[in-house]
Structure formats: structure tokens, C-alpha cells
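Asker: no FASTA, just this:
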């Protein structure tokens with residue numbers, strides 16, 4: 001079996017050179033980015049096992065959308081249910097991440113899943129819902145979920161130098177868990 005491929009972005013904060021494909025999955029925009037890197041079937045299986053305990057979407061995202069709209073107080077709040085961003089685009093931000101849900105990805109060459117994180121920018125108080133299929137971030141958040149550590153305070157850290165393939169990987173630097181620290 002050939003390794004599956006995982007979606008990547010060219011540079012931090014910049015759109016990829018090729019026009020990205022945007023798909024709608026349960027009401028959340030998911031960017032499928034231009035560059036890919038291969039992962040073995042064993043790695044893909046282990047990632048899927050790691051996220052198996054994370055709740056999935058209710059299929060439509062309908063109830064969460066209704067709750068967000070009922071609680072809306074600004075124009076941005078009224079648009080928020082349909083807007084999500086890539087975790088990488090939050091580089092340098094400190095986020096309070098309350099939890100995650102997993103969603104099935106229809107991207108043929110990925111791990112088959114991505115996570116949607118329910119977060120707030122700790123500096124501005126703005127909602128910072130983001131999606132990620134970056135395996136390292138997926139595994140960090142999966143482990144936080146498994147250990148019952150939500151909420152966590154984390155900073156999005158993007159590498160200063162690209163990989164040999166020109167990709168700028170990112171990870172979370174978790175600075176506090178369970179409402180401890182800031």
C-alpha cells in the first residue's frame with residue numbers, strides 16, 4: 001500500500017503558491033493546502049487511534065451554530081459559525097483552548113481526520129476557532145484530551161526555517177493546563 005499524503009502550507013501566514021481548495025465540512029471551511037508529505041499506513045493508523053476518544057461532530061454542526069448565533073453580540077459573532085482558520089495562521093498568538101472535536105476529512109491523501117479547536121485569543125478575547133490536520137498538533141491536542149487537561153493555554157509556534165521541502169512546520173507550546181498559569 002502506498003503511503004497517504006498529508007496536506008501542508010508553503011509559508012506561515014501566506015497563502016500557498018497554488019490556489020488552495022476550500023471544502024465545506026459540517027459548516028467549517030477547511031483549507032486543503034498545496035504541498036504534501038507522505039506518511040506510512042502505520043503512522044496514519046496510530047494517529048487515527050490517538051484521536052479515537054475525541055468527540056466527533058454531530059454530523060451537521062447545527063446545534064453549535066444555533067448556540068453561537070443565539071449568543072452573538074457583534075457582526076463578527078454572527079459570521080463566526082462559518083469561519084475557521086488554519087492553526088498555523090495564528091502564529092505568535094496565545095490561545096485558551098477549551099476543547100476539540102474531530103471531523104472526517106475528505107482529502108484523499110491525508111490521515112482521514114482533522115480537528116476543530118474551540119479557542120479564544122487570550123490578548124483580545126476574540127474567538128479563535130481553528131482547524132488543524134498537522135499531525136504533531138493533532139497528537140498534542142489528542143493527548144491533552146486523553147489526559148483531561150482542557151482547558152489549556154498554548155502559543156502557536158511556527159518554525160523560523162523551512163524544511164528541505166520548503167514547509168514551515170508548526171506546533172503548540174502549551175504553557176498551562178486546567179486553568180493553571182497564564
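Answerer: Structure's in. What do you need? These numbers come from a predicted model, not from an experiment.

Asker: so where do the helices sit in this protein?
Answerer: With helices called from DSSP state H, the chain shows them at 41-50, 62-70, 75-79, 135-146.

Asker: Looking at these, spot the one closest to residue 106.
Answerer: Between residue 106 and these, the shortest separation by CB to CB is 15.1 Å, and it involves helix 41-50. In short, each C-beta sits where N, CA and C put it, glycine included.

Asker: name the helices or strands packed onto the closest one?
Answerer: The helices and strands touching helix 41-50, judged by 3 or more CB pairs under 8 Å, 6 or more residues apart in numbering; DSSP states H and E, are helix 135-146.

Asker: and the helix it packs on, which residues are buried?
Answerer: Of the residues in helix 135-146, those buried under the neighbour-count criterion (16 or more other CB atoms under 10 Å) are 135, 137, 138, 140, 141, 142, 144, 145.

Asker: can you put these in a markdown table and add pLDDT and distance to residue 151?
Answerer: Output for the buried residues of helix 135-146, formatted as a markdown table (pLDDT from 0 to 100; distance: CB to CB, whole Å):
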| residue | pLDDT | distance to residue 151 |
| --- | --- | --- |
| 135 | 86 | 23 |
| 137 | 94 | 16 |
| 138 | 93 | 18 |
| 140 | 96 | 14 |
| 141 | 97 | 12 |
| 142 | 95 | 16 |
| 144 | 96 | 9 |
| 145 | 95 | 11 |
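
Asker: With distance to residue 101 as added columns, please give those residues in TSV.
Answerer: As requested, the buried residues of helix 135-146 are exported to TSV (distance: CB to CB, whole Å):
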residue	distance to residue 101
135	17
137	14
138	12
140	16
141	10
142	12
144	13
145	10
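
Asker: which among those residues gets closest to residue 50?
Answerer: Proximity of the buried residues of helix 135-146 to residue 50, judged by CB to CB, is greatest for residue 142, which lies at 4.4 Å.

Asker: can you give me the strands for the chain?
Answerer: 4-8, 21-25, 28-32, 35-39, 85-86, 94-104, 113-121, 130-132, 152-158, 170-177 (DSSP state E).
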